[in-house]
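S.K.: please work out how this folds:
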Amino acid sequence: MKLDRLLCLDDFAAEARKKLPRCLFEFVEGGAQDAVSLRDNRAAFECIRLRPRVLRDTSARNTQTTTLGQEWSAPFGIAPMGGVGLAAYRGDLALARAAAKARVPFILSGSSLVPLEQVQRENPDAWFQIYASERHEDNVRLLERASASGVRTLVVTVDVPVAGNRERDIRNGFGSPLRPSLRLACDGLTHPRWLVGTFGRTLVRDGMPHFENFAASRAPVISRTAARVHRRDNLSWDTLQRLRAQWKHRLVLKGLLSSLDVQAAAQSGIDGVVVSNHGGRQLDGTVAPVSVLPEAQRVKGSMELFFDSGVRRGADVLKAYGLGASHVFIGRPFLYAAAIAGEEGVLRAIELMRAEISRDMALLGCEQLSEVASRIVHTQGVDHGEAWRPDIFQPPRDRRQA
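M.R.: Residues are numbered from 1 along each chain as shown. Predicted coordinates:
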């Protein structure tokens, strides 16, 4: 297809819906239970207002930023997503290569279908995300493997003590691993572009896909008998301390929504935290992550503060950045871009976002990203705490005074 017809991230989702089997698309797109958190993630951004300044020379504006000591071309990156290879042929590699070319951070998921060593060869700056195991010896082996492959930033997801309740997946017969059924077969047969171009191509060239980067061992994506164990409800801050003691490089925690947890992370020697509700895929009804950014920024200490969940526009990136995030991560749209057109599609999506950010900076009258915070003037439903700047917040005036 002609990628120049895709003008925003939502366009990729519309095209991916046509190509992917229904069960797979809804697995990616859906949220937990009633999808309240999924909707609120977007609604929270719509409550944030911006006030531009005019007649300011922004011709030399710059979208570059530095995160964890490394310079990137833009303040956004690609979030970790499991099973990308089901939607896009060698999708993890497509994301990694595009991110390397565009100079934006990419986080490889521990539930990816390509060995992390191969991804690191394609993108030496890739970060690696894991779900810690209750078995310490499994964690030791995985961290040793990651370090030996060249990973220097490890992201530990901590908001999945048990698997979220995604009823839509159950109704669609979608699980992890997938269990063969007539229903799944029919879903694949009615989407021949995916069946031949993604799944069939994978089988012919690479064989049956496996989850390659689990803590214990690789596991098949399709199986009647295999099972993935999601229970991690016995993990604690003591577990984190053991990981911190072993991992000598940068360590980031993903999935925090409480300032108390942000403080605990800062006291544990963590290098950064990701404020996130897992894209609305775990606990339904959580607070929208963007609404707690100011409070998290106030207590983060020297840590980097990252953000994901609900980002679809360049203005969303700027809003999160202005509220305290040093980098913003985006998931689903980049997966859809890979599903539609591989690496080329991901590069197109990255460029659209970077262009939106640059354009919005000009319209806001910002030459540097550091100026964006002063353009956020009013939010509803955001707990700013002590970090909020009263000099730039003006509540709506009474209509009679307007």
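
S.K.: which helix runs longest in this protein?
M.R.: Secondary structure of the chain per DSSP state H: the longest helix is helix 332-364.

S.K.: for that helix, buried residues please.
M.R.: 332-343, 345-350, 352-354, 356-358, 360-361, 364 (16 or more other Cβ atoms under 10 Å). Where you see a C-beta, it was placed from the backbone N, CA and C, and this is true even at glycine.

S.K.: residue contacts, residue 147?
M.R.: Residue 147 makes contact with 247, 248, 249, according to Cβ atoms under 8 Å, 6 or more residues apart in numbering.

S.K.: most neighbours among those, which one is it?
M.R.: Neighbour counts for the contacts of residue 147 (other Cβ atoms under 10 Å) peak at residue 247, which has 18 neighbours.

S.K.: show me the contacts for that one.
M.R.: Residues near residue 247 by Cβ under 8 Å, 6+ apart: 143, 147, 154.

S.K.: please save the CA atoms from the helix or strand where the second one lies in CSV.
M.R.: According to DSSP states H and E, residue 147 maps onto helix 136-149. What follows is the C-alpha trace of helix 136-149 in CSV, where atoms were taken according to Å, rounded to 0.1, in the frame of the first residue of the first chain:
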residue,chain,number,x,y,z
HIS,A,136,15.9,-16.4,41.4
GLU,A,137,18.1,-18.8,39.4
ASP,A,138,16.0,-18.1,36.3
ASN,A,139,16.5,-14.4,36.7
VAL,A,140,20.2,-14.9,37.2
ARG,A,141,20.5,-16.8,33.9
LEU,A,142,18.4,-14.3,31.9
LEU,A,143,20.3,-11.3,33.2
GLU,A,144,23.6,-12.9,32.5
ARG,A,145,22.4,-13.6,29.0
ALA,A,146,21.2,-10.1,28.5
SER,A,147,24.4,-8.6,29.7
ALA,A,148,26.5,-10.9,27.5
SER,A,149,24.4,-9.9,24.4
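
S.K.: other SSEs contacting the next helix or strand after that helix?
M.R.: Using DSSP H and E, the next helix or strand after helix 136-149 towards the C-terminus is strand 153-157. Strand 153-157 is packed against strand 127-130, strand 250-256, with contacts defined by 3 or more Cβ pairs under 8 Å, 6 or more residues apart in numbering; DSSP states H and E.

S.K.: how much space separates the spatially most central residue of the chain from residue 121?
M.R.: Nearest to the mean C-alpha position of the chain, counting by Cα atoms, centre = their mean, stands residue 79 at 2.7 Å. Here the criterion is Cβ to Cβ, to the nearest Å. By it, residue 79 lies 21 Å from residue 121.

S.K.: just list whatever residues bridge to residue 71.
M.R.: Beta-bridge pairing for residue 71 (DSSP bridges): residue 66.

S.K.: ok, it - contacts?
M.R.: Counted by Cβ under 8 Å, 6+ apart, residue 71 has contacts 64, 65, 103.

S.K.: what segments of the stretch 201-350 of the chain are strands?
M.R.: Using DSSP state E, counting those that start in this stretch, the strands of the stretch 201-350 of the chain run over residues 210-211, 219-220, 250-256, 272-275, 304-308, 327-330.

S.K.: for the stretch 1-150 of the chain, same thing?
M.R.: Going by DSSP E, counting those that start in this stretch, the stretch 1-150 of the chain shows strands at 48-50, 65-67, 70-72, 76-78, 107-108, 127-130.

S.K.: any chance of those in JSON lines, with distance to residue 42 and mean pLDDT too?
M.R.: Below are the strands of the stretch 1-150 of the chain laid out as JSON lines (distance: least, Cβ to Cβ, whole Å; pLDDT from 0 to 100):
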{"stretch": "strand 48-50", "distance to residue 42": "11", "mean pLDDT": "95"}
{"stretch": "strand 65-67", "distance to residue 42": "24", "mean pLDDT": "97"}
{"stretch": "strand 70-72", "distance to residue 42": "25", "mean pLDDT": "97"}
{"stretch": "strand 76-78", "distance to residue 42": "16", "mean pLDDT": "98"}
{"stretch": "strand 107-108", "distance to residue 42": "22", "mean pLDDT": "98"}
{"stretch": "strand 127-130", "distance to residue 42": "23", "mean pLDDT": "98"}
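
S.K.: just name the most buried of these.
M.R.: Comparing the strands of the stretch 1-150 of the chain by mean neighbour count (mean count of other Cβ atoms under 10 Å), strand 107-108 ranks first with a mean of 29.

S.K.: could you check how far residue 61 is from residue 51?
M.R.: Between residue 61 and residue 51 the distance is 18 Å, computed by Cβ to Cβ.

S.K.: quick one: low-confidence ranges for the chain?
M.R.: Along the chain, the model assigns pLDDT under 70 to residues 216, 224-231, 378-402.

S.K.: surely residue 335 and residue 87 touch.
M.R.: Yes - counting by Cβ atoms under 8 Å, residue 335 does reach residue 87; the two are 5.9 Å apart.

S.K.: quickly list what's touching both of those two.
M.R.: Here residue 335 and residue 87 share the contacting residues 16, 28, scored by Cβ under 8 Å, 6+ apart.

S.K.: so what's residue 336 up against?
M.R.: With contact taken as Cβ under 8 Å, 6+ apart, residue 336 is in contact with 12, 13, 15, 16, 28, 87.

S.K.: can you give me the angle the helix holding residue 147 makes with strand 153-157?
M.R.: 150 degrees (axes from the mean of the first three to the mean of the last three Cα atoms, to 10 degrees).

S.K.: can you give me the buried ones in helix 136-149?
M.R.: 139, 142, 143, 145, 146, 147, 149.

S.K.: wait, which of the contacts of residue 247 is closest to residue 285?
M.R.: Nearest to residue 285 among the contacts of residue 247, counting by Cβ to Cβ, is residue 154 at 29.8 Å.

S.K.: quick check: beta-bridge partners of that closest one?
M.R.: Assessed by DSSP bridges, residue 154 has beta-bridge partners residue 128, residue 251.
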